[in-house]
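*Asks:* Sequence below, structure please.
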Amino acid sequence: MPTDTLRPARVTGPDGFALHTVVSGDGDRVLVGLHGGPGGAGGDYLKPLHRLASPTRKVVTFDQLGTGRSDTPPADYAWTLAAAVADVDAVRRACGAEQIDLLGHSYGGMLALQYTLDHPDRVGRLVLSNTTASSARITLDAIAQLSTLMPPAKACAAVTADALGEHSSPDYLEAVAKWLGRYGTADEAGVAALTAEALEPGPAGHGLWGDRLWFANGAVRGWDVEPRLGEITAPTLVIHGGSDMSSPESNRALAHGICHAEWLTMNNNSHDMFEAGNVAAYLVIIREFLNAWEQ
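*Replies:* Okay, here's the model as predicted:
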């Protein structure tokens with residue numbers, strides 16, 4: 001469906017804040033896309049998902065609270081994953097859908113997992129893209145990946161600087177750029193933007209993840225649903241890049257933990273599936289999965 005048919009709308013979440021949503025397509029089938037972060041610029045990068053819209057499938061993306069064109073709550077707002085889940089359900093209700101297909105990318109996959117566990121009857125099919133079931137795995141994956149990019153002393157210095165909040169450290173800044181350039185994006189022009197967002201994720205990022213890059217010390221500190229993956233009964237696709245900050249080990253845990261989940265690695269991709277060189281093949285896979293691999 002042409003992206004010039006996108007329809008902006010505002011949805012009010014349960015806390016009274018407005019969420020900027022974008023809707024395309026029509027029909028009873030609804031795909032909701034959840035962007036990564038947490039925090040950052042919001043969901044504009046998910047715009048290619050709207051190519052999956054049709055007269056029988058509605059596609060909805062939205063800027064999560066505190067990002068993009070959605071409201072930013074006051075400084076004393078208590079950020080919680082439960083509130084983020086409630087916002088997703090508000091978007092579902094605004095679509096008039098009893099059940100949705102759900103695609104979560106990066107942190108959005110973490111949110112999608114929590115939503116599915118909290119509202120199992122609301123999710124028809126689930127796509128977990130470039131994500132994890134445990135905030136601790138993000139830390140472990142990053143440390144392991146940094147050790148392949150830098151001499152041990154420099155990698156250790158960078159991780160230590162992050163843990164101590166010394167974010168002006170040259171070792172830390174060098175490590176962030178190398179890590180994102182290798183595992184975050186294959187687009188050289190996008191590395192600077194991704195680095196800037198990683199270094200300053202905004203209020204949602206600080207509230208949900210925290211003020212460290214590789215260590216969660218915000219609301220999702222200690223978040224771990226790996227022991228509960230067996231509760232998920234929705235048909236699930238686990239998909240990630242071959243050079244992805246979401247490691248094979250993290251994706252293996254998802255695929256092996258969710259009954260009958262399908263696991264696909266796009267070997268020439270990094271963390272960002274929505275770059276121009278990646279997105280066409282990615283969307284074909286997502287469309288076919290949502291259609292239950294119909295022949």
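
*Asks:* Show me where the stretch 101-250 of the chain has its strands.
*Replies:* Counting by DSSP state E, counting those that start in this stretch, the segments of the stretch 101-250 of the chain that form strands are 123-129, 236-241.

*Asks:* Report all helices and strands that the longest one contacts.
*Replies:* The one in question is strand 123-129. strand 100-105, helix 107-118, strand 236-241, helix 276-290 (3 or more Cβ pairs under 8 Å, 6 or more residues apart in numbering; DSSP states H and E). Yep, even glycine has a C-beta here, placed from its N, CA and C like the rest.

*Asks:* just the helices in the stretch 101-250 of the chain please.
*Replies:* Ranges of helices within the stretch 101-250 of the chain are 107-118, 135-149, 152-164, 170-179, 188-199, 202-208, 248-257, based on DSSP state H, counting those that start in this stretch.

*Asks:* one step back: rank the helices and strands packed on strand 123-129 by pLDDT, which is bottom?
*Replies:* The stretch with the lowest mean pLDDT among the helices and strands packed on strand 123-129 is helix 276-290, at a mean of 93.

*Asks:* Just want the angle from it to strand 123-129.
*Replies:* Here the directions of helix 276-290 and strand 123-129 differ by 150 degrees (axes from the mean of the first three to the mean of the last three Cα atoms, to 10 degrees).

*Asks:* Any buried residues in stretch 12-27, and which?
*Replies:* 13, 17, 19, 20, 21, 22, 23, 24, 25 (16 or more other Cβ atoms under 10 Å).

*Asks:* So which of the strands of the stretch 101-250 of the chain is nearest residue 209?
*Replies:* Using Cβ to Cβ as the measure, strand 123-129 is the one of the strands of the stretch 101-250 of the chain that comes nearest residue 209, at 18.2 Å.

*Asks:* Pull the distance from that closest one to the chain's centre.
*Replies:* The gap between the average C-alpha position of strand 123-129 and the chain average comes to 12 Å, counting by Cα atoms, centre = their mean, to the nearest Å.

*Asks:* do stretch 154-163 as well
*Replies:* When distances are taken as Cα atoms, centre = their mean, stretch 154-163 is centred 25 Å away from the chain's centroid.

*Asks:* List the buried residues in it.
*Replies:* Neighbour counts using 16+ other Cβ under 10 Å place 154, 155, 157, 158, 159, 161, 162 of stretch 154-163 among the buried residues.

*Asks:* Out of those residues, the closest to residue 8 would be?
*Replies:* For the buried residues of stretch 154-163, the nearest to residue 8 is residue 162 (37.1 Å; Cβ to Cβ).

*Asks:* residues touching that closest one, list them.
*Replies:* For residue 162, the contact set (Cβ atoms under 8 Å, 6 or more residues apart in numbering) comprises 172, 212, 213, 214, 215.

*Asks:* gap between it and residue 129?
*Replies:* Distance of residue 162 to residue 129, computed by Cβ to Cβ, to the nearest Å: 25 Å.

*Asks:* What of residue 242?
*Replies:* Distance from residue 242 to residue 129, counting by Cβ to Cβ: 14 Å.

*Asks:* neighbour count winner among these two?
*Replies:* Here residue 242 and residue 129 are set side by side on neighbour count (other Cβ atoms under 10 Å), and the busier one is residue 129, at 27 against 11.

*Asks:* picking up where we left off before, point out the most buried one among the helices of the stretch 101-250 of the chain.
*Replies:* Comparing the helices of the stretch 101-250 of the chain on average neighbours per residue, with mean count of other Cβ atoms under 10 Å, the densest one is helix 107-118 at a mean of 24.

*Asks:* what angle separates that helix from strand 123-129?
*Replies:* Going by the same axes, to 10 degrees, helix 107-118 makes 150 degrees with strand 123-129.

*Asks:* Just give the number of residues close to residue 293.
*Replies:* Using other Cβ under 10 Å, the number of residues around residue 293 comes to 11.

*Asks:* for the helix-or-strand element of the chain with minimal mean pLDDT, packing partners?
*Replies:* Among the secondary structure pieces of the chain, namely its helices and strands, helix 188-199 has the lowest mean (mean pLDDT, DSSP states H and E), a mean of 83. Counting contacts by 3+ Cβ pairs under 8 Å, 6+ apart, the secondary-structure elements packed against helix 188-199 are helix 170-179.

*Asks:* Check what contacts the helix it packs on and list those residues.
*Replies:* Residues external to helix 170-179 that are found in contact with it (Cβ under 8 Å, 6+ apart): 142, 145-146, 149-150, 154-155, 157-159, 161-162, 166-167, 191, 195, 198-199, 213, 245.
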